[in-house]
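**Student:** Need coordinates for the following:
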Amino acid sequence: MTMSRFTRCLLAFVAGCTGICLATNAFAQNYRPTGFPNGTIPGQSPGYVQPGAPNNQPQYLQSVPGSYQAPAAPPTTNGAARPLIPVACNEPAPSQPNAGQPVARVADLSGMSSIHRALTDPTMVKPGEHPLMPALRWAKTGVEDIRKIKDYSATLVKRERVGNTLMDHEYMFIKVRHQPFSVYMYFLAPEAKKGRECIYIEGANNGLMWGHPNGMQNKLIGTLSLKPTGPIAMQDNRYPITQLGMLKLTERLIEVAEQDVKYGECEVKVLPGAKINDRVCTCIQVVHPVPRQNFIFNMARIFVDDELNVPVRYEAYDWPKDSGGQPVLTEEYTYLNLKLNNGFTDADWDIKNPNYQFK
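**Tutor:** Purely as a prediction, here's the structure:
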């Protein structure tokens, strides 16, 4: 194999082996992502079905007049097409050609979640303060609770705009540990990336991540050590694997909010009753209507699981390209089938784990 061919294989392998910041979706919604390939998850006992794998009788939302349907994901390996994403919303949502982003439906709630109360209760919101302050206070309290989570697993659905290109949705089964910070990632879809794996452990392997391609390339190339922020690992990604997860996302949101509260031109809406795979969430929508050097987005939406009190979807938009146009999606991350404190061990981040395919 020549060096140029070797490099091409590396670039093909890492086309998505990193990046991700996380969590949440468009304003109050009932979001059902496309299906996932059937199979078992590496590192799990036989018969354990991948999170998100379609059951025999998948449930779909009833169609709603005026609803938008995202493009279907590629078919599964057995040829069965994945379901579309039915969506509906109670107010205009940003749209763009072929974006495929889900929007939202608001549900009536008889009670008020702890996060909704923290953001809207008059006894907790100070008169005249910056509209972002209630969310910032919640985030600073919530980040400490997230740090107490030892580990978690989830199906991560990721979509990013890299350069001028809005990439396709990617689906990954992940395991995350906070101490030491560790990530295991197994690609579920699209088909071209299915079977790729990567592992990163903070302070190990000289700061490098382990990864391998799928299919025949894995047999030819095997396991590689890559710099997480290097050009190969960052190809088609906005963020390195070192920034993946709910904790990293929340810490970043706090940094951004601490800067934003120094300025005006900020509109905040709290939208309760959002649903992501039937889990009730509260959505925080932040809008900077006028492009300024101080702001990094036109609009962002953070979805917080009402029961778990953690962010499970995040999406951000740039300002419209044309006057009167719609905001432009830059990134979205959704954590599905979230399971906390699984009792994972070092073996879950060991490339010698016999259930993994590192060579």
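**Student:** Tell me which stretches of the stretch 151-300 of the chain form helices.
**Tutor:** Using DSSP state H, counting those that start in this stretch, the helices found in the stretch 151-300 of the chain span residues 215-221, 246-260.
**Student:** which strands and helices sit next to the first one?
**Tutor:** Using 3 or more CB pairs under 8 Å, 6 or more residues apart in numbering; DSSP states H and E as the contact criterion, the neighbours of helix 215-221 among helices and strands are helix 3-13. C-beta: built from backbone N, CA, C; applies to glycine.
**Student:** Now with 10 Å, please.
**Tutor:** helix 3-13, strand 209-212 (3 or more CB pairs under 10 Å, 6 or more residues apart in numbering; DSSP states H and E).
**Student:** Pick out the shakiest of the ones you listed, pLDDT-wise.
**Tutor:** With a mean of 44, helix 3-13 has the lowest mean pLDDT of these.
**Student:** can you tell which of the helices of the stretch 151-300 of the chain is closest to Trp349?
**Tutor:** Set against Trp349 and scored by CB to CB, the helices of the stretch 151-300 of the chain come closest in helix 246-260, at 16.3 Å.
**Student:** Show the average pLDDT along that closest one.
**Tutor:** In this model, helix 246-260 carries a mean pLDDT of 96.
**Student:** Check which residues of it are buried.
**Tutor:** Of all the residues in helix 246-260, those buried under the rule 16 or more other CB atoms under 10 Å are Met246, Leu247, Lys248, Leu249, Thr250, Leu253, Val256, Ala257, Asp260.
**Student:** can you check stretch 181-189 too?
**Tutor:** Here stretch 181-189 shows Phe181, Ser182, Val183, Tyr184, Met185, Tyr186, Phe187, Leu188, Ala189 as buried, counting by 16+ other CB under 10 Å.
**Student:** ok, so of the residues you listed, who is nearest Asn237?
**Tutor:** Among these, and counting by CB to CB, the member closest to Asn237 is Met185, at 11.8 Å.
**Student:** Return the distance of the closest one relative to Met246.
**Tutor:** Distance, Met185 to Met246, using CB to CB, to the nearest Å: 15 Å.
**Student:** before we move on, the earlier item: could you save the helices of the stretch 151-300 of the chain as JSON lines and add columns showing distance to Arg137?
**Tutor:** Listed next are the helices of the stretch 151-300 of the chain as JSON lines, based on distance: least, CB to CB, whole Å:
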{"stretch": "helix 215-221", "distance to Arg137": "47"}
{"stretch": "helix 246-260", "distance to Arg137": "10"}
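**Student:** right, and the ones you listed - which one's nearest Pro127?
**Tutor:** If you check each of those against Pro127 by CB to CB, helix 246-260 wins as the nearest, at 19.6 Å.
**Student:** I'd like to know which elements that closest one is packed against.
**Tutor:** helix 133-147, strand 151-162, strand 170-178, strand 181-189, strand 279-287, strand 299-305, strand 311-318, strand 328-340.
**Student:** Make TSV out of these and add distance to Asp348.
**Tutor:** Output for the helices and strands packed on helix 246-260, formatted as TSV (distance: least, CB to CB, whole Å):
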stretch	distance to Asp348
helix 133-147	19
strand 151-162	8
strand 170-178	5
strand 181-189	6
strand 279-287	24
strand 299-305	23
strand 311-318	21
strand 328-340	13
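**Student:** can you tell me which of the ones you listed comes nearest to Gln293?
**Tutor:** strand 311-318 (13.8 Å).
**Student:** With just CA atoms, put the closest one into PDB.
**Tutor:** Extracted as PDB, the C-alpha positions of strand 311-318 are listed here (Å, rounded to 0.1, in the frame of the first residue of the first chain):
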ATOM      1  CA  PRO A 311     -29.400  18.700  28.800                       C
ATOM      2  CA  VAL A 312     -30.400  16.100  26.200                       C
ATOM      3  CA  ARG A 313     -30.400  18.200  23.000                       C
ATOM      4  CA  TYR A 314     -28.800  21.300  21.700                       C
ATOM      5  CA  GLU A 315     -29.100  23.100  18.400                       C
ATOM      6  CA  ALA A 316     -27.700  26.400  17.200                       C
ATOM      7  CA  TYR A 317     -28.400  28.600  14.200                       C
ATOM      8  CA  ASP A 318     -26.400  31.300  12.500                       C
END
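**Student:** now it against strand 279-287, angle please.
**Tutor:** 30 degrees (axes from the mean of the first three to the mean of the last three CA atoms, to 10 degrees).
**Student:** tell me the angle of strand 311-318 relative to strand 299-305?
**Tutor:** With the same axes, to 10 degrees defining the directions, strand 311-318 sits at 170 degrees from strand 299-305.
**Student:** Now do strand 311-318 against strand 328-340, angle only.
**Tutor:** 170 degrees.
**Student:** And strand 311-318, what does it pack against?
**Tutor:** Under the contact definition 3+ CB pairs under 10 Å, 6+ apart, strand 311-318 sits against helix 133-147, strand 151-162, helix 246-260, strand 267-276, strand 279-287, strand 299-305, strand 328-340.
**Student:** Any chance of a markdown table for these, columns distance to His116?
**Tutor:** Below are the helices and strands packed on strand 311-318 laid out as a markdown table (distance: least, CB to CB, whole Å):
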| stretch | distance to His116 |
| --- | --- |
| helix 133-147 | 10 |
| strand 151-162 | 23 |
| helix 246-260 | 18 |
| strand 267-276 | 5 |
| strand 279-287 | 5 |
| strand 299-305 | 9 |
| strand 328-340 | 20 |
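**Student:** so which of these comes closest to Glu170?
**Tutor:** strand 151-162 (4.8 Å).
**Student:** in its sheet, what does the closest one sit against?
**Tutor:** strand 165-166 (antiparallel), strand 170-178 (antiparallel), strand 328-340 (antiparallel) (DSSP bridges).
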